[in-house]
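In: fold the following and give me the result.
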Amino acid sequence: MVPVLTGWALVLLCTLDVLAATGTRWGNWVGAIFAGKATRTDEASAAKQSLRRVFIGSAWIAAFVGLVLAAGFMAAIPVYVALFVILQGKMPVRQGVAAAVATSAFTAVVFEWLLQYPVYRGFLFEP
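Out: This next block holds a predicted model:
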């Protein structure tokens, strides 16, 4: 249930983000809500995201969801984190790999060891 709810919440937020990036009347209204203002000011307009940037962010999220569905959380997390921080964050490869190892170790310890919660293994690794 949690992955389904999270997935739909992400779809809704991505749709609102794309709408805000368009600069239309509805987009300005949604952008003002995201900015926490009743009306969009010049400062908020200057910081408006481009559609390209929104689509790139949405593609990263979709890639993560696809990777989780295919390979499961324990395989998808280190691959995604390493690629994201190296390619998007422009972090050195060594630090990107360290971030990936730390993130997957945290996930393994918290969910599988402490909480005894079996994480999704993906359709490639599911017995």
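In: let me know the helix or strand that P78 is in.
Out: Using DSSP states H and E, P78 maps to helix 73-83.
In: residues in contact with the helix or strand following that helix?
Out: Downstream of helix 73-83, the first helix or strand assigned by DSSP H and E is helix 93-107. Residues from elsewhere that reach helix 93-107 (Cβ atoms under 8 Å, 6 or more residues apart in numbering): 73-74, 77-79, 81-83, 85-86, 89, 91, 119. C-betas here are computed from N, CA, C, even on glycine.
In: how is the protein carved up into domains?
Out: Domain assignment for the chain, taken from automatic domain parsing, gives 1-49, 50-127.
In: can you redo the ones you listed as JSON lines with mean pLDDT and mean neighbour count?
Out: Compiled in JSON lines, those are given as follows (pLDDT from 0 to 100; neighbours: other Cβ atoms under 10 Å):
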{"stretch": "domain 1-49", "mean pLDDT": "66", "mean neighbour count": "13"}
{"stretch": "domain 50-127", "mean pLDDT": "85", "mean neighbour count": "14"}
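In: other SSEs contacting the helix or strand where V4 lies?
Out: Using DSSP H and E, V4 falls within helix 2-22. Here helix 2-22 touches helix 25-35, helix 51-71, going by 3 or more Cβ pairs under 8 Å, 6 or more residues apart in numbering; DSSP states H and E.
In: for the ones you listed, which one sits closest to L5?
Out: helix 51-71 (13.4 Å; Cβ to Cβ).
In: how much distance is there from that closest one to the middle of the chain?
Out: Put simply, helix 51-71 sits 7 Å off its chain's centre (Cα atoms, centre = their mean, to the nearest Å).
In: give me the contacts around it.
Out: Here helix 51-71 makes contact (Cβ under 8 Å, 6+ apart) with 7, 10, 14, 17-18, 21-22, 75-76, 79-80, 84, 88, 120, 122-125.
In: 6 Å - rerun?
Out: C14, D17, V18, A21, A76, Y80, G122, L124 (Cβ atoms under 6 Å, 6 or more residues apart in numbering).
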